[in-house]
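Visitor: need a structure here:
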Amino acid sequence: MQLSIIGRYLRPPFQIAPPLFQSCVAAGFPSPAQDYIERTLDLNELCIQHPAATYFVRAEGSSMLQVGIFSGDILVVDRALKPSHGDIVIACIDGEFTVKELCTRPAMKLVAHNPAYPPISIDEGMTLELFGVVTTVIHSLSRR
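Guide: Have a look, this model is predicted:
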């Protein structure tokens with residue numbers, strides 16, 4: 001899966017806070033006339049824990065389909081988080097960027113979530129740099 005850097009996070013000068021409905025949506029949607037609004041929802045607060053250490057990348061490819069990362073999705077990446085076993089990370093292996101699951105046990109490897117892509121074992125002599133932990137995937141259903 002290839003990545004293209006979109007940019008770093010900049011807090012907007014104004015806050016957009018759409019309403020957050022109190023009830024969950026199963027197969028319908030509550031009537032806006034009913035009193036279901038619990039509070040507003042700031043997507044910055046929801047998606048970004050460490051603004052100064054957050055950046056965005058666009059995913060390209062199919063190696064992470066089984067964890068819900070599709071080609072064209074925007075990944076929110078937090079550099080302030082220490083990558084640990086099981087995290088989805090942005091990694092650079094011998095100069096090539098990728099998004100994969102970090103596995104540190106029993107040996108260090110990067111794992112795709114598509115059976116068509118084998119795990120990447122990190123062998124001695126390879127250069128591996130981790131550029132942050134993916135915290136949120138922004139997946140648009142409408143491509144208009």
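
Visitor: Gly95 and Thr54, how far apart?
Guide: Distance of Gly95 to Thr54, given as Cβ to Cβ, to the nearest Å: 24 Å. Every residue, glycine included, has its C-beta placed from N, CA and C.

Visitor: who has more neighbours out of those two?
Guide: Of the pair Gly95 and Thr54, Thr54 is the one with more neighbours under other Cβ atoms under 10 Å, namely 21 against 7.

Visitor: kindly state the beta-bridge partners for the more buried one.
Guide: Asp78 (DSSP bridges).

Visitor: next, count neighbours for Val133.
Guide: 19.

Visitor: tell me which element it falls in.
Guide: Assessed by DSSP states H and E, Val133 sits inside strand 128-138.

Visitor: other SSEs contacting that strand?
Guide: Contact here means 3 or more Cβ pairs under 8 Å, 6 or more residues apart in numbering; DSSP states H and E; on that basis strand 128-138 packs against helix 43-47, strand 74-78, strand 88-93, strand 96-103.

Visitor: among these, where is the model least confident on average?
Guide: Lowest mean pLDDT within the helices and strands packed on strand 128-138: helix 43-47, at a mean of 85.

Visitor: now for that one, which elements pack on it?
Guide: Contacting helix 43-47 under the criterion 3+ Cβ pairs under 8 Å, 6+ apart are the following elements: strand 128-138.

Visitor: let's see 10 Å
Guide: Applying 3 or more Cβ pairs under 10 Å, 6 or more residues apart in numbering; DSSP states H and E, one finds that helix 43-47 contacts strand 54-60, strand 74-78, strand 128-138.

Visitor: can I get those in JSON lines with distance to Met108?
Guide: Formatted as JSON lines, the helices and strands packed on helix 43-47 follow (distance: least, Cβ to Cβ, whole Å):
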{"stretch": "strand 54-60", "distance to Met108": "22"}
{"stretch": "strand 74-78", "distance to Met108": "20"}
{"stretch": "strand 128-138", "distance to Met108": "8"}
